[in-house]
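*Asks:* Let me see the structure of the following:
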Amino acid sequence: MSYQEKKNIVSLISSLLIFGIYSFYVFQKYQDRSLDQTDAFSFWGAFILILIPVTIAAKIIISIAFSIFYNVTTNEKEPSFADELDKLIALKATRNSHYGFVFGFLLAMGSLVLHMQPSVMFIILICSGLASEIVGVVSQLYYYRKGV
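*Replies:* Predicted coordinates for the structure are as follows:
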């Protein structure tokens, strides 16, 4: 398995763990509170605004730890350059990820059109963000295995 594939697998697992642990923590903390309409917007806004830096910080730490662990176990350094194939794979994976997020965004807006609660829209929006990240990573794994 190549370095890129291992890195993508670690990224996929870390994304799922970070999102799962953060969501579990937040929902355990606010489980007893009933959210009225104005409180719901504040809750979901805080959920998203805190999730972003938590995810970024955790991914940076995990990426550094993976790089060190890879270097120690294989005595190889990570590739310091990306060739044209790597760039093409990254572009196609980003495209797929964006398509996934746009589809989720449209579903979230559709929930408002169907007069569902705003919390449904936020849940769909958050889940589509996670799903788009998963689609991007899985696309990269697929393109590295099967070619472009």
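*Asks:* so who does Val137 touch?
*Replies:* 8, 11-12, 15, 93 (C-beta atoms under 8 Å, 6 or more residues apart in numbering). Using the backbone N, CA and C atoms, a C-beta is placed for each residue, glycine as well.
*Asks:* can you list those in CSV and add pLDDT and distance to Ile62?
*Replies:* Output for the contacts of Val137, formatted as CSV (pLDDT from 0 to 100; distance: C-beta to C-beta, whole Å):
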residue, pLDDT, distance to Ile62
Asn8, 92, 13
Ser11, 93, 8
Leu12, 94, 11
Ser15, 94, 9
Ala93, 95, 19
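*Asks:* Among the residues you listed, which ones are in helices?
*Replies:* Judged by DSSP state H, the subset of these located in helices is 8, 11-12, 15, 93.
*Asks:* Buried among the contacts of Val137? Make that a PyMOL selection.
*Replies:* In PyMOL, a selection of the buried entries from the contacts of Val137 looks like this (16 or more other C-beta atoms under 10 Å):
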select buried, resi 8+11+12+15+93
